[in-house]
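Novice: Just need the structure, nothing else, for what follows:
(2 chains)
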Amino acid sequence: MKKRFVDSQYVASLIGLISTMLFLFPVYWMFVTSIKPMSAIFAIPPQIIPREVTTEAYIDNILNNPEIVRFFLNSVVIALGTLVLTLALAVPVAYALARLDIKGKGAIIGVMLVAQMLPSIMLALPFFLLFSHLGLLNHFIALILANTTTALPFAVLVLRPFFMSIPQGLEEAAAMDGSNRFLTFVRIILPLAKPGLLTVGAFAFLFAWGDLLYALILTTDESIRPLTVYLYTFVGQHGTNWNSLMAVSFVAIIPIILIFIAFQKHIVEGIASGSMK
Amino acid sequence: MESPLSAVKRPRSFKPKKRLQKDVVGKYMFVLPGLLFLAVFMLFPIGYNVYLTFHNVTVFNIMSGYEFTWLDNYKAVLTDTVFLQSVKNSIVFTTLCLLFQFVIGLALALFFNKTFPGRGLFRALLLMAWMIPLVITGTLFQWMFAGEYGIINHFLLWANIIEEPIYWVSNEQTALYSTIIANIWIGIPFNMVILLAGLQSLPTDIYEAARVDGASKWRQFFAITLPLLKPTLFILVMLGIIYTFKVFDIILIMTKGGPLYASTVMPFYAYEQAFINYNFSIGATITTVMLALLIVVSLIYLRIARKEDEA
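Specialist: Got it, this is the predicted structure:
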């Protein structure tokens, strides 16, 4: 595509920039609050552009707060675990639904649609009772399993169109060369589906990263609780220390900002294709 | 489709001990783990949930023994005034969120349907708002909705829309609306992306024909864009209902369902009954009623969708 634009398109860019900035004002407000000194937080009128900038909220609550590293790492473990389990389960199912001649395809797709609509709260209660029977409360595995129920149906529905868009002849050519179905899938199809896998992986990670309900219900042990629960209790303890709250919040969304910048194109397309099919 | 060669020639690296019955079993091995997972971690929990609704399980008797109570839980829930208020709140919450998310999302989608530099980046940045953990969005909006120091009140006072600061989240009249506004903000980018995908799939030649015929932009929008967008709109309304109906975190963070249940929606009430009052069976009954409502909505949707297909 040629990268030449006319003036009216730059005007559109400007409008796009302004509307994006207006829409993301809350995120700006989060950041600005986090770098204000306590006295400026309660200034009337509020300082839209801070008069004085300080990193004290970050120093007090992040640098001088070793426990936050643990919460952060717990979130990483839970989110990565969910990512791996979701991909391991969803990828073969999505491939089979897109390409293999299996019975009950329609029913499986229907099950995925229904599974996607289940409210977390509806599963949280049986999970709590089930995992307490199994002695799995306060284990990462409980949170990974619970979060995978959120990510799995979505992943299957997003990945299926990705697999369908891969040229059909490839599998036949591979079969001619003597490759069996499993090897063809691993060596030929998976590398081609990489953008889909990245999108779904990013979503599984982010779903689990943002989960509060399961973490609140399935864990009581501080040593495995994720960042979201830390934030939740932090709100209770620090009440109106808004600069501290916003500093911790801002650190918690850094992974999201990074993932979105890295995968922006794939993510946008992924949501659209997964929801439309 | 299946090449007979695949059974004869094998790459050297692959040495199975026993051959499976042709490829039939192999095919189903792709779906088996995923379906097994769903059966154990979704179907079983739902079944267990329904089982709970017919018993009187609480945190106190779950070990010592509980009883079969027929439909008592359903009777209790359906005559509970707080539950009925939560149903009403859920309907208000879902309707208003859907309406505003859609209108604003459509306006943005129409704009982002043009080609201009930076479009992809802006679109992704907007979408980021959708992926921020709800506990953070909730805390952020709580801060913006704060009484005397909140930025929203500041803007409203400055624009002379209000004369005194409103204590948004702690006022019985406004608590639910403050959570609705936060949730609309979260949902706009999702609506925009889906609508944009719908717009981009529309054929362009119709618009050219319309332009030749001298149809105005507005006329093009109402006579061509909206009718062609109908399938996308159906999906969006359906997904919107499903996603909005289960909103829980925002309520927990911003208002805790209060004051006086003014912002208690169904999922929050289920949470409160199950995990604050430890009345497991009542909590399960509320979520089962929710599921029933969602199933009804989906069936209506499927029916309309099928009629659309036939038409």
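
Novice: which residue sits closest to the residue nearest in space to the middle of chain B, ignoring its sequence neighbours?
Specialist: The C-alpha lying nearest the average C-alpha coordinate of chain B belongs to B:Y243 (Cα atoms, centre = their mean; 0.5 Å). Of all residues not flanking B:Y243 in the chain, B:G187 sits nearest, at 7.4 Å (Cβ to Cβ, 6 or more residues apart in numbering or on different chains). The C-beta positions use only the backbone N, C-alpha and C, and glycine is treated the same way.

Novice: buried ones in the helix or strand hosting the one you found?
Specialist: Assigned by DSSP states H and E, B:G187 falls within helix B:175-200. If you call a residue buried by 16 or more other Cβ atoms under 10 Å in any protein chain shown, then helix B:175-200 has these buried ones: B:175-199.

Novice: Burial check on B:V92, number of neighbours?
Specialist: 15 (other Cβ atoms under 10 Å in any protein chain shown).

Novice: ok, it touching B:L176?
Specialist: Yes - contact criterion Cβ atoms under 8 Å: B:V92 and B:L176 qualify, at 6.6 Å.

Novice: So which residue is dead centre in chain A?
Specialist: Centroid-nearest residue in chain A, with Cα atoms, centre = their mean: A:L206, separated by 1.2 Å.

Novice: My reading is that that one is in a helix; is that accurate?
Specialist: Yes - A:L206: assigned to a helix according to DSSP: H, G, I helix; E, B strand; the rest coil.

Novice: and it, what pLDDT?
Specialist: Listed pLDDT for A:L206 reads 88.

Novice: Could I get the contacting residues of it?
Specialist: Contact analysis of A:L206 by Cβ atoms under 8 Å, 6 or more residues apart in numbering or on different chains lists A:79, A:256, A:259, B:131.

Novice: Tell me how many other residues crowd the second one.
Specialist: Same thing as A:I256. Burial of A:I256 is recorded as 21 neighbouring residues (other Cβ under 10 Å).

Novice: I'd assumed B:M128 was in contact with it.
Specialist: Yes - look at A:I256 against B:M128 with Cβ under 8 Å: they come within range, at 6.3 Å.

Novice: Listing request: residues of the stretch 1-150 of chain A with sub-threshold pLDDT.
Specialist: Filtered on pLDDT under 70, the stretch 1-150 of chain A yields the residue ranges A:1-4.

Novice: For it, which segments count as helices?
Specialist: Listed in chain order, the helices of the stretch 1-150 of chain A (DSSP state H, counting those that start in this stretch) span A:7-23, A:25-34, A:38-41, A:56-58, A:66-99, A:105-117, A:120-133, A:140-164.

Novice: What residues sit buried inside the first one?
Specialist: When neighbours are counted by 16+ other Cβ under 10 Å, the buried residues of helix A:7-23 are found to be A:9, A:12-13, A:16-17, A:19-20, A:23.

Novice: same check, this time on the longest one
Specialist: Residues of helix A:66-99 classed as buried by neighbour count (16+ other Cβ under 10 Å): A:68, A:71-72, A:74-76, A:78-83, A:85-87, A:89-99.

Novice: do the same with the shortest one
Specialist: Along helix A:56-58, these residues count as buried under the neighbour rule (16+ other Cβ under 10 Å): A:57-58.

Novice: Which helix or strand in chain B has the lowest average pLDDT?
Specialist: helix B:5-8 (a mean of 40; mean pLDDT, DSSP states H and E).

Novice: Tell me the residues of the stretch 151-300 of chain B that contact chain A?
Specialist: B:151, B:154, B:158, B:185, B:188-190, B:193-194, B:196-198, B:232, B:235, B:239, B:242, B:245-246, B:248-249, B:252-253, B:267, B:270-271, B:274-275, B:280, B:283-284, B:287-288, B:290-291, B:294, B:298 (Cβ under 8 Å from any Cβ of the partner chain).

Novice: Please check those residues and keep the buried ones.
Specialist: Those of these that meet the buried threshold are B:151, B:154, B:185, B:188-190, B:193-194, B:196-198, B:232, B:235, B:239, B:242, B:245-246, B:248-249, B:252-253, B:267, B:270-271, B:274-275, B:280, B:283-284, B:287-288, B:290-291, B:294, B:298, by 16+ other Cβ under 10 Å.

Novice: Mind listing residues that contact stretch B:209-228?
Specialist: Counting by Cβ under 8 Å, 6+ apart, B:110, B:199, B:202, B:206-207 sit against stretch B:209-228.

Novice: Could I have the buried ones of those residues as PyMOL selection syntax?
Specialist: To isolate the buried members of the contacts of stretch B:209-228 in PyMOL, using 16+ other Cβ under 10 Å:
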select buried, chain B and resi 110+199
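
Novice: Mind picking the one among the contacts of stretch B:209-228 that's closest to chain A?
Specialist: B:L199 (10.6 Å; Cβ to the nearest Cβ).
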